[in-house]
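In: The sequence and its predicted three-dimensional model are supplied below.
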Amino acid sequence: MKWWLLGLLTSCAACRSIPPCVTPALQEVRLRWGTQDSLGLTIRGYELTAHAELFQYEAIGDSTLWRRRLGYIDGALYCRLLLQAHRAFQAVPAFYVPADSQHFVEYRSPVALMRAVWNPRYRTHGNEPLWLLYDSLEASRRPLRQPP
């Protein structure tokens, strides 16, 4: 009986502590980034939750085809990425550049959706904060931790 209880307590995803920067208002925030086709129909990307949990996903439009958990990033790193996302979307609140293949970053919460899409072949002054955010999010995929 004791082993069952110990297993339940150590495997509970909801029991994980959240990063220190996540206030109650930010607990449903999701950062997404990746690539999409010119119409935004075929999407391949990553999603980072407020629990610093990283997922990979593929979607067609708004319909998710599959989603799998990759692991967790460090809480301090999550806080830096969240701050960088806030600053990037304050600097560039809307951005869209059509191309056959596009990069995107997205900030999603129950009360806000901010999404920027650009041509990955051209780096301009206007999309620089978004490029930097995209690069930082991509780099965050490398030091993953597995769930406890």
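Out: Received the coordinates, thanks.
In: so residue 80 sits in a helix?
Out: Yes: Residue 80: assigned to a helix according to DSSP: H, G, I helix; E, B strand; the rest coil.
In: what's the neighbour count on the closest residue in space to residue 144 that isn't next to it in sequence?
Out: Nearest residue to residue 144, sequence neighbours excluded (C-beta to C-beta, 6 or more residues apart in numbering): residue 71, at 3.6 Å. Heads up, the C-betas are built off the backbone N, CA and C, glycines and all. The number of residues packed near residue 71 is 14, by other C-beta atoms under 10 Å.
In: Number the chain from 28, please
Out: Sure, I'll start numbering at 28, so the last one becomes residue 98.
In: Wait, residue 98 touches residue 170, no?
Out: No: when contacts are counted by C-beta atoms under 8 Å, residue 98 is not listed as touching residue 170 (9.4 Å).
In: Residue 77 against residue 47, yeah?
Out: No: at 11.6 Å, residue 77 does not count as touching residue 47 under the criterion of C-beta under 8 Å.
In: Tell me how far the residue nearest the centre of the chain lies from residue 70.
Out: Residue closest to the average C-alpha location in the chain (C-alpha atoms, centre = their mean): residue 58, at 2.8 Å. Residue 58 sits 15 Å away from residue 70, going by C-beta to C-beta, to the nearest Å.
In: do the same with residue 76
Out: 17 Å.
In: Comparing these two, which residue is more hemmed in?
Out: residue 70 (22 against 18).
In: secondary structure element for the more buried one?
Out: Using DSSP states H and E, residue 70 sits in strand 69-76.
In: Now that strand: buried residues?
Out: By neighbour count with 16 or more other C-beta atoms under 10 Å, strand 69-76 contains the buried residues 70, 72, 73, 74, 75, 76.
In: of those, closest to residue 143?
Out: residue 72 (13.1 Å; C-beta to C-beta).
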